[in-house]
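J.: Based on what follows, work out the 3D shape:
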Amino acid sequence: MPELFLAMDAKLEWTHMTNPFGGKPGGKKEKPKPSTVAAKLRQALTGRQAA
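T.: You can find the predicted model right below:
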């Protein structure tokens, strides 16, 4: 599981860095809550939006 989380974080960071439409500048990031991480993981693996 740790490798999966690292890979997903790297993928998200890469997409933010290569976004041709700009985006939010990188600032100090807070550690996400476990419930948020679980919801994002569930959304990424199932392809569904959270209810």
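J.: phi, psi of Val37?
T.: When read as degrees, to the nearest 10, the backbone of Val37 gives phi -60, psi -40.
J.: The spatially closest residue to it that is not a sequence neighbour and Phe21, how far apart?
T.: Distances taken as C-beta to C-beta, 6 or more residues apart in numbering put Phe5 closest to Val37, at 7.5 Å, once the chain neighbours are dropped. Every C-beta, even on glycine, is put in place using the N, C-alpha and C of the backbone. Separation of Phe5 from Phe21 (C-beta to C-beta, to the nearest Å) stands at 26 Å.
J.: Check Met8 too.
T.: For Met8, the distance to Phe21 equals 22 Å [C-beta to C-beta].
J.: So between the two, which is more surrounded?
T.: Shown here are Met8 and Phe21; by other C-beta atoms under 10 Å, Met8 has more neighbours (15 against 4).
J.: Break down the chain into its helices, ranges please.
T.: 2-17, 34-46 (DSSP state H).
J.: can you tell me which of those the model trusts least?
T.: Looking at these, the lowest mean pLDDT belongs to helix 34-46 (a mean of 78).
J.: So which elements touch it?
T.: helix 2-17 (3 or more C-beta pairs under 8 Å, 6 or more residues apart in numbering; DSSP states H and E).
J.: Using PDB, write down the CA coordinates of the helix it packs on.
T.: Coordinates of each C-alpha in helix 2-17 appear next as PDB, following Å, rounded to 0.1, in the frame of the first residue of the first chain:
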ATOM      1  CA  PRO A   2       2.700   2.600   0.700                       C
ATOM      2  CA  GLU A   3       4.000   2.200  -2.800                       C
ATOM      3  CA  LEU A   4       0.500   2.800  -4.200                       C
ATOM      4  CA  PHE A   5       0.200   6.000  -2.200                       C
ATOM      5  CA  LEU A   6       3.600   7.200  -3.300                       C
ATOM      6  CA  ALA A   7       2.800   6.500  -6.900                       C
ATOM      7  CA  MET A   8      -0.600   8.300  -6.700                       C
ATOM      8  CA  ASP A   9       1.000  11.300  -5.100                       C
ATOM      9  CA  ALA A  10       3.700  11.400  -7.800                       C
ATOM     10  CA  LYS A  11       1.000  11.100 -10.500                       C
ATOM     11  CA  LEU A  12      -1.000  14.000  -9.000                       C
ATOM     12  CA  GLU A  13       2.100  16.200  -8.600                       C
ATOM     13  CA  TRP A  14       3.200  15.500 -12.200                       C
ATOM     14  CA  THR A  15      -0.300  16.400 -13.600                       C
ATOM     15  CA  HIS A  16      -0.200  19.600 -11.600                       C
ATOM     16  CA  MET A  17       3.300  20.500 -12.800                       C
END
